[in-house]
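**Student:** my questions are about this predicted structure, shown below with the sequence.
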Protein chains: 2
Amino acid sequence: MHPDVEPIGFLLGTWRGEGHGEYPTIESFDYGEEIRFAAVPGKPFLTYQQRTWALDDQRPLHAECGYWRPKPGGNLEVVLAHPTGVAEIEEGMVAGEIISLVATSIGRTATAKQVTGLSRRFELVGGDVLRYEVQLAAVGEPLQGHLTAELKRVDEG
Amino acid sequence: MHPDVEPIGFLLGTWRGEGHGEYPTIESFDYGEEIRFAAVPGKPFLTYQQRTWALDDQRPLHAECGYWRPKPGGNLEVVLAHPTGVAEIEEGMVAGEIISLVATSIGRTATAKQVTGLSRRFELVGGDVLRYEVQLAAVGEPLQGHLTAELKRVDEG
């Protein structure tokens, strides 16, 4: 593992659990989720792959992929691609086992939904539980709570 | 496979081969590469994962991940994350077995290199060979040839 990755080394592995989503323009929903963070030999970032599914019939819902780049002074840069047509830069801080991020660039394809703001907070609880919250500004709505989830580490690899 | 994905169905599977890179600001280099395109049940996009390695000692070089979204009329939207701190939207056309894309949005983290333009052309040759070219504008240089590669399909899955 590259030494730059050490501040977010606690994310390594595969996480699985459930989350809850809400937004003024949609019906609230619950979902299953898996996130995998992996190191690449000699590289100063972690790879990130995420997917969610419906709890009733396991059909795929959302997905994301990207790279987490820790920088000196507790800074963190995250690059994310969404299959909804959104390419996102998030920047923020790692403070112990809490990560706070806010979108500093949101690129959209011609047919993507109008996403204008995103922020995220991750917290490691008790070593093997990861909680996160996502705030979203989209389709004319201001930034507000959208997702909360709690995942357990199921694989260190 | 979702019917919207059909125009780029010829990309499905795992591709492996070698490429050549050059740019006025760096030494030319050759690389090994693997690309994997996969479908997600019921979803109107393909997932895309790419990685390259040095031919001498197999150390990891570049990587990318993202999603390819075909749209009506031969249009194609691609969302890409790069571990170099770049989040990219490319848009273009699928014409038979030729794909042309140009970056319409390039987001960069605070510490990313100054990438200002990208375009790509993919061509399927003889059913199981994929050739591509990448043009890059970066660090003050105008858009110009950067990468060429030829890959063979090694897995249909």
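**Tutor:** Cool, got the structure. All figures in this text were calculated on a predicted structure; none of them were measured in a lab. Residues are numbered from 1 along each chain as shown, chains lettered A, B, ... in the order given.
**Student:** can we go C-alpha only for contacts and neighbour counts from here?
**Tutor:** Fine.
**Student:** next to chain B, which bits of chain A? Give me the list.
**Tutor:** A:40-43, A:45, A:59-60, A:64-69, A:77-83, A:85-91, A:104-110 (Cα under 8 Å from any Cα of the partner chain).
**Student:** show me where chain A has strands.
**Tutor:** A:13-23, A:26-39, A:46-54, A:60-71, A:75-82, A:86-95, A:98-108, A:115-125, A:129-138, A:144-155 (DSSP state E).
**Student:** just the ones you listed: most buried one?
**Tutor:** strand A:75-82 (a mean of 26; mean count of other Cα atoms under 10 Å in any protein chain shown).
**Student:** pLDDT (mean, whole number) over stretch A:149-157?
**Tutor:** Averaged across stretch A:149-157, the pLDDT comes to 94.
**Student:** one more: stretch A:40-55?
**Tutor:** 97.
**Student:** quote the end-to-end distance of it.
**Tutor:** Length of stretch A:40-55, first residue to last, Cα to Cα, to the nearest Å: 32 Å.
**Student:** check the offset of it from the chain's centre.
**Tutor:** Relative to its chain's centre, stretch A:40-55 lies at 9 Å (Cα atoms, centre = their mean, to the nearest Å).
**Student:** contact partners of it?
**Tutor:** Contact partners of stretch A:40-55, identified using Cα atoms under 8 Å, 6 or more residues apart in numbering or on different chains, comprise A:1-5, A:30-39, A:59-70, B:59-60, B:83.
**Student:** try 7 Å this time
**Tutor:** With contact meaning Cα atoms under 7 Å, 6 or more residues apart in numbering or on different chains, stretch A:40-55 is reached by A:1-2, A:4-5, A:30-39, A:59-70.
**Student:** which residues does the nearest residue to A:S119 once chain neighbours are set aside bridge with?
**Tutor:** Excluding its sequence neighbours, the residue lying closest to A:S119 (Cα to Cα, 6 or more residues apart in numbering or on different chains) is A:V102, at 4.2 Å. With DSSP bridges as the criterion, A:V102 is bridged to A:E91, A:S119.
**Student:** list the contacts for A:V102?
**Tutor:** Counted by Cα under 7 Å, 6+ apart, A:V102 has contacts A:E90, A:E91, A:G92, A:L118, A:S119, A:R120.
**Student:** and the residues you listed, which is closest to A:E141?
**Tutor:** A:L118 (11.7 Å; Cα to Cα).
**Student:** quick check: A:G17 vs A:D30, distance?
**Tutor:** 11 Å.
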